[in-house]
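1. predicted coordinates and the sequence they were generated for:
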Amino acid sequence: MLRQKAFIVIKGINLIMRTHLTERLYLSSPVFFQNILVSISGFIEHFCRYKGTYNDLSDQLFENEFKTKEELFAIEKKLLDEILNYAIQNVPYYQNLQIKSPSIENFPLLTRKTVFDNPENLLSKQHKNSKLIKLHTGGSTGNPLTIYLNKDIRRRTYAFWNRFYRIFDVKIRDKKASFVGRKLQHPDNNKPPFWRYNFYDNQLLFSSFHLSKQNLPCYIEKLNSFKPVIIEGYPLSILRIADYLIEHEIRLIFTPKGISTSSENFTNQQRKRIEKAFGCNVFDQYGSAESVVFACDCEHKNKHIAIEYGYVEVLDANGNLKREGEGELVVTTLINKVMPLIRYRIGDMGKISYKKCPCNRNYPILENLYGKVGAFIQANDKRVSTAALSISFEYLKNVEKSQIIQNEPNKIIVKLVVTSSFTEDEETFMLWELRKMLGETLAIEIQKVDNIPPTANGKYQMIIQNYYKD
Ligand SMILES: [Zn+2]
């Protein structure tokens, strides 16, 4: 999250930080100079992130970590009351709604479309003329949103990352290998190195766009010489390396403390393969550029929702909003006063539970988190979601990656990247599983491919729906 291209608006003058020109200049520079540029940008970023509110909030978050359920509810209530009051007093959208009392029950659901149509209407009057960061997010859904925040909100967010990293004993400047979709060199340039070094933060940034079988040995050699304490980034990029390691029975000469993943959905099976190949646990984080929710795995692989970051509800099948149970996630920011999104339909499905976790944290747990609400395959009048379809591939050991594409009503294409041990039986099983969900009438074409490339932002999409548009 927050890695979107950022435009900083200073006193009404648009200062474009990463224009095509600077990107082109970067790409045409020699590698050693690119490393210097990456380090300078990392240095500036470091000092923007880790100061002021970051330190105060970090201390507060560590203090909260093992509080009782009642104490956490009280903290959440205080923050919620504060943001609701603030929104009613300062945000035109909420002022126009004429909400009588600042209680969450009185706030209507907020759709992506409302944010998309008029983002400035959700901007606080108090921050309107201050230094803001403007992000564009959610491009893969077809309608990218404009989101406003400021440096202070980003610092707060990094305090939550800091608490997350401490779960697996990682500190900010520990050696880190990152696979986060940064364009480090031209996608057609197949000449190593496929990484750049951010000197100040001990961070080696790897390209997610050059992970071909031919290039993977270079990545592995570099990881072995760098020996990162933590590997972070898109799970399916990291999985690509993991699968290569497993297939070629390669053992790494280092063991990271953990692998931190975010931004992409992946199956338990895929998680296990990463853990096997790297010999450590995967810790997944769930968040969004809108700064409305932050949840992350604990030592027991339960994804705890940070109640100091966002207030999360679920909208069940009957249209009721609840604090527990399964449904569409509805989130309220507790940290973004620049653009307070309240009861915002973020577009993900999940389940909230308050079950006891052996880690002793009393934060609610986000379970069964799956795909964007909009991602589905349609068979006749039936719609099947990403989460359901991903089950068809869950038990197939020899399917490294899969993608389902629907370009027409009566047919889907299933792209598979398989190992040499993939059998006809596995294919039959997969088809049987798919048929269970999609019925018999839909034609299923299987295409075995060498790789499924990521989309422009470096992420993989399990379902590409080109025919039905909502
Ligand atoms: Zn836990």
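-> Received, thanks.

2. all contacts plus neighbour counts: C-alpha atoms, from now on.
-> OK.

3. burial count for S39?
-> 20 (other C-alpha atoms under 10 Å).

4. relative to F32, how far out is it?
-> Distance from S39 to F32, counting by C-alpha to C-alpha, to the nearest Å: 11 Å.

5. name the residues of the chain found near the ion, please.
-> 298, 357, 359 (C-alpha under 5 Å from the ion).

6. mind putting those into JSON lines with secondary structure and distance to L110?
-> Shown next, in JSON lines, are the residues of the chain next to the ion (DSSP: H, G, I helix; E, B strand; the rest coil; distance: C-alpha to C-alpha, whole Å):
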{"residue": "C298", "secondary structure": "coil", "distance to L110": "30"}
{"residue": "C357", "secondary structure": "coil", "distance to L110": "32"}
{"residue": "C359", "secondary structure": "coil", "distance to L110": "34"}
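
7. just the buried subset of those residues, written out for PyMOL, thanks.
-> With 16 or more other C-alpha atoms under 10 Å as the criterion, this PyMOL line picks the buried residues out of the residues of the chain next to the ion:
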select buried, resi 298+357
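
8. which of the residues of the chain next to the ion lies closest to N318?
-> Nearest to N318, judged by C-alpha to C-alpha, of the residues of the chain next to the ion is C357 at 29.0 Å.

9. what's the pLDDT at the closest one?
-> pLDDT, C357: 98.

10. the chain: helices as residue ranges?
-> 20-27, 31-49, 53-64, 69-90, 92-97, 112-117, 151-167, 216-226, 235-247, 268-278, 386-394, 424-438 (DSSP state H).

11. end to end, how far does stretch 109-129 reach?
-> Stretch 109-129 end-to-end distance (C-alpha to C-alpha) = 27 Å.

12. kindly report the same for stretch 228-236.
-> 18 Å.

13. distance from the chain centre to it, please.
-> 13 Å (C-alpha atoms, centre = their mean, to the nearest Å).

14. what does stretch 198-210 give?
-> Chain-centre distance of stretch 198-210: 18 Å, with C-alpha atoms, centre = their mean.

15. what comes up buried for it?
-> 198, 201-210.

16. quick one, what contacts the residue lying farthest from the centre of the chain?
-> Distance from the centre of the chain peaks at K100, with 35.6 Å (C-alpha atoms, centre = their mean). Counting by C-alpha atoms under 8 Å, 6 or more residues apart in numbering, K100 touches N106.

17. quick one on the thing from earlier: quick check, nearest of the buried residues of stretch 198-210 to K175?
-> The closest of the buried residues of stretch 198-210, once distances to K175 are taken by C-alpha to C-alpha, is N202, at 4.9 Å.

18. show me what V330 is bridged to.
-> On DSSP bridges, the residues paired with V330 through beta bridges are E313, R345.

19. who touches it in this structure?
-> If a contact means C-alpha under 8 Å, 6+ apart, then V330 has 109, 312-315, 343-346 as its contacts.

20. sorry, back to before: for the residues of the chain next to the ion, give me JSON lines that also has distance to N268.
-> Converted to JSON lines, the residues of the chain next to the ion look like this (distance: C-alpha to C-alpha, whole Å):
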{"residue": "C298", "distance to N268": "16"}
{"residue": "C357", "distance to N268": "19"}
{"residue": "C359", "distance to N268": "20"}
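
21. mind checking the pLDDT average for stretch 116-130?
-> 91.

22. against the ion, how distant is E249?
-> 33 Å (C-alpha to the ion, to the nearest Å).

23. quick check: mean pLDDT of stretch 180-192?
-> In this model, stretch 180-192 has a mean pLDDT of 78.

24. mind listing residues that contact it?
-> Applying C-alpha under 8 Å, 6+ apart, the contact partners of stretch 180-192 are 27, 194-196, 205-210, 215, 218, 232-234, 457-459.

25. and that stretch, what's buried?
-> Quick answer for stretch 180-192 (16+ other C-alpha under 10 Å): 180-185.

26. send me that stretch as CSV with only the CA atoms.
-> C-alpha atoms of stretch 180-192 as CSV (Å, rounded to 0.1, in the frame of the first residue of the first chain):
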residue,chain,number,x,y,z
VAL,A,180,6.9,-4.5,-4.6
GLY,A,181,6.3,-3.8,-8.3
ARG,A,182,8.7,-0.9,-8.7
LYS,A,183,9.8,-0.4,-12.3
LEU,A,184,13.6,-0.7,-11.9
GLN,A,185,14.4,-1.4,-15.5
HIS,A,186,12.7,-1.7,-18.8
PRO,A,187,10.6,-4.9,-18.9
ASP,A,188,12.2,-5.9,-22.2
ASN,A,189,15.7,-5.4,-20.9
ASN,A,190,16.6,-9.0,-19.8
LYS,A,191,20.1,-8.2,-18.7
PRO,A,192,20.9,-8.5,-15.0
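
27. how near is the residue farthest from the centre of the chain to Q89?
-> 12 Å.

28. got it, and S130?
-> 18 Å.

29. circling back: now render the contacts of V330 as CSV, adding neighbour count and distance to N55.
-> Listed next are the contacts of V330 as CSV, based on neighbours: other C-alpha atoms under 10 Å; distance: C-alpha to C-alpha, whole Å:
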residue, neighbour count, distance to N55
L109, 15, 34
V312, 25, 25
E313, 25, 29
V314, 24, 32
L315, 21, 35
R343, 24, 29
Y344, 23, 29
R345, 22, 31
I346, 21, 29
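
30. of those, which pair is most distant in space?
-> Among the contacts of V330, L109 and V312 lie farthest apart (C-alpha to C-alpha), at 12.5 Å.

31. report the mean per-residue pLDDT for stretch 424-433.
-> 87.

32. distance from the chain centre to that stretch, please.
-> Centroid displacement of stretch 424-433 relative to its chain, using C-alpha atoms, centre = their mean, is 31 Å.

33. would you mark the buried spots in that stretch?
-> In stretch 424-433, the ones that count as buried by 16+ other C-alpha under 10 Å are 426-427, 430-431, 433.

34. quick one: contacts for D169?
-> K257.

35. roughly how far does the nearest residue to L366 once chain neighbours are set aside sit from the ion?
-> Of all residues not flanking L366 in the chain, I352 sits nearest, at 4.8 Å (C-alpha to C-alpha, 6 or more residues apart in numbering). Applying C-alpha to the ion, the value for I352 to the ion is 13 Å.

36. quick one: contacts for I352?
-> By C-alpha under 8 Å, 6+ apart, I352 lies in contact with 313-314, 323-326, 364-367.
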